[in-house]
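>>> I need the structure of the sequence given here:
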Amino acid sequence: MITHKLSKDQTLNGWINGFIGVLLFSGSLPATKLAVTEMNPIFVTIARAGIAGVLALFVLLIYKEKRPAKDQIFSLVLVSIGCVIGFPLLSSLALQYLTSAHSIVFLGMLPLMTAIFGVFRGGERPHPVFWFFSIIGSLLVIGFAVSQGISASPIGDILMLLGVILCGLGYAEGAKLSKTLGGWQVISWALVLALPLMMPLFFIYFPKNIETVSFQGWFGLGYIALFSMFIGFIFWYKGLAQGGITTVGQLQLLQPFFGLALAAYFLNEQVSLGMLGITVGVILCVAGTKKFTK
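Predicted coordinates for the structure are as follows:
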């Protein structure tokens with residue numbers, strides 16, 4: 001159980017880094033939709049992890065980072081399962097059945113999942129009022145999706161839900177480990193751990209019709225490999241470690257709306273005035289969780 005209090009500077013830096021991470025993550029599902037429209041979802045998952053893993057290995061070698069301790073390996077495996085393999089694969093498969101807008105809404109549940117795993121795995125104990133704002137914020141996001149009347153596939157919904165649960169576990173576990181191993185080191189080692197699996201699979205699932213993939217498809221894959229799978233995590237894990245898993249994690253409530261804005265621009269999906277109104281409510285909930293940080 002965490003008993004020490006974070007300094008104001010730590011908390012502020014945590015929120016700034018967390019916000020940058022959320023902005024970078026917001027393009028993940030729209031970019032994934034661009035990629036899976038033209039490529040196999042399994043290949044997209046393998047390629048994003050493989051490209052990011054090679055980059056991470058390169059960076060680790062440049063900075064001559066020491067290998068993780070034996071007692072850190074299990075946590076790194078959980079991060080790899082949740083963030084490198086689980087969520088990317090399940091969300092990619094889900095996007096075969098769902099629109100980008102519908103899938104993005106499930107991200108509104110991420111803060112609550114991250115907070116729950118932060119309690120069980122990170123030992124954090126937020127103020128009871130924190131849970132009130134967290135749940136209200138999640139309900140606002142989910143309620144907005146329902147109000148849009150977006151048709152969905154049960155299979156796609158289940159895949160996204162499982163993906164969000166695994167992602168919450170990976171976020172919380174990585175944040176806890178970042179306090180001792182470092183933010184960019186956590187995601188780097190998690191990616192490197194997955195490389196022995198990803199490299200052979202990359203050639204097995206390499207698409208035969210690679211010449212038909214458009215610039216948009218390659219752009220989507222490049223974005224999720226560089227920003228969603230590596231650079232975004234550097235800011236995100238650092239922010240969670242500095243400001244607290246449960247509290248900074250609430251910034252994820254803003255991710256669906258940033259994502260919808262990007263989907264509207266790149267995928268020509270409509271952004272309504274209702275979305276803007278809900279965004280204000282979500283921002284207030286984020287402010288409320290910050291106020292009741294323990």
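>>> which SSE is immediately downstream of the helix or strand containing residue 157?
Using DSSP states H and E, residue 157 falls within helix 154-181. Using DSSP H and E, the helix or strand that follows helix 154-181 towards the C-terminus is helix 183-204.
>>> quick one: low-confidence residue ranges for this structure.
The chain contains residues with pLDDT under 70 at 1-8, 122, 124, 144-152, 269-272, 274-276, 279, 283, 286-287, 289-294.
>>> any idea how far apart the tips of stretch 242-253 sit?
19 Å (C-alpha to C-alpha, to the nearest Å).
>>> quick one: neighbours of residue 153, just the number.
Neighbour count of residue 153, defined by other C-beta atoms under 10 Å: 15. Bear in mind the C-beta positions are built from the backbone N, C-alpha and C, glycine included.
>>> not counting its neighbours along the chain, what's nearest it?
Distances taken as C-beta to C-beta, 6 or more residues apart in numbering put residue 97 closest to residue 153, at 3.7 Å, once the chain neighbours are dropped.
>>> which SS class is that neighbour?
Look at residue 97: counting by DSSP: H, G, I helix; E, B strand; the rest coil, its state is coil.
>>> just the one 10 residues further on next, same as before
Reduced to three states with three-state DSSP, the structure at residue 107 is helix.
>>> who touches it in this structure?
29, 141, 164, 252, 255-256, 259 (C-beta atoms under 8 Å, 6 or more residues apart in numbering).
>>> let's go with 7 Å and repeat that
252, 255-256, 259 (C-beta atoms under 7 Å, 6 or more residues apart in numbering).
>>> how about these in TSV, adding distance to residue 118 and neighbour count?
Conversion of the contacts of residue 107 to TSV gives the following (distance: C-beta to C-beta, whole Å; neighbours: other C-beta atoms under 10 Å):
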residue	distance to residue 118	neighbour count
252	12	31
255	17	25
256	20	29
259	22	24
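>>> reformat these as TSV; add secondary structure.
As requested, the contacts of residue 107 are exported to TSV (three-state DSSP):
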residue	secondary structure
252	helix
255	helix
256	helix
259	helix
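>>> before we move on, the earlier item: now the helix holding residue 157: buried residues?
For helix 154-181, a neighbour-count test (16 or more other C-beta atoms under 10 Å) marks 156-157, 159-160, 162-179, 181 as buried.
>>> and residue 211, how many residues sit next to it?
Neighbours of residue 211 using other C-beta under 10 Å come to 6.
>>> for the helix holding residue 157, name the packing helices and strands.
If you count contacts as 3 or more C-beta pairs under 7 Å, 6 or more residues apart in numbering; DSSP states H and E, helix 154-181 packs onto helix 70-79, helix 87-94, helix 110-122, helix 183-204, helix 232-243, helix 245-248.
>>> deepest of those helices, which one?
Ranked by mean neighbour count, the helices and strands packed on helix 154-181 are led by helix 245-248 with a mean of 30 (mean count of other C-beta atoms under 10 Å).
>>> who are the packing partners of that one?
helix 8-25, helix 110-122, helix 154-181.
>>> can you put the ones you listed in a markdown table and add distance to residue 229?
Formatted as a markdown table, the helices and strands packed on helix 245-248 follow (distance: least, C-beta to C-beta, whole Å):
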| stretch | distance to residue 229 |
| --- | --- |
| helix 8-25 | 10 |
| helix 110-122 | 16 |
| helix 154-181 | 12 |
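>>> out of these, nearest to residue 52?
Using C-beta to C-beta as the measure, helix 8-25 is the one of the helices and strands packed on helix 245-248 that comes nearest residue 52, at 12.8 Å.
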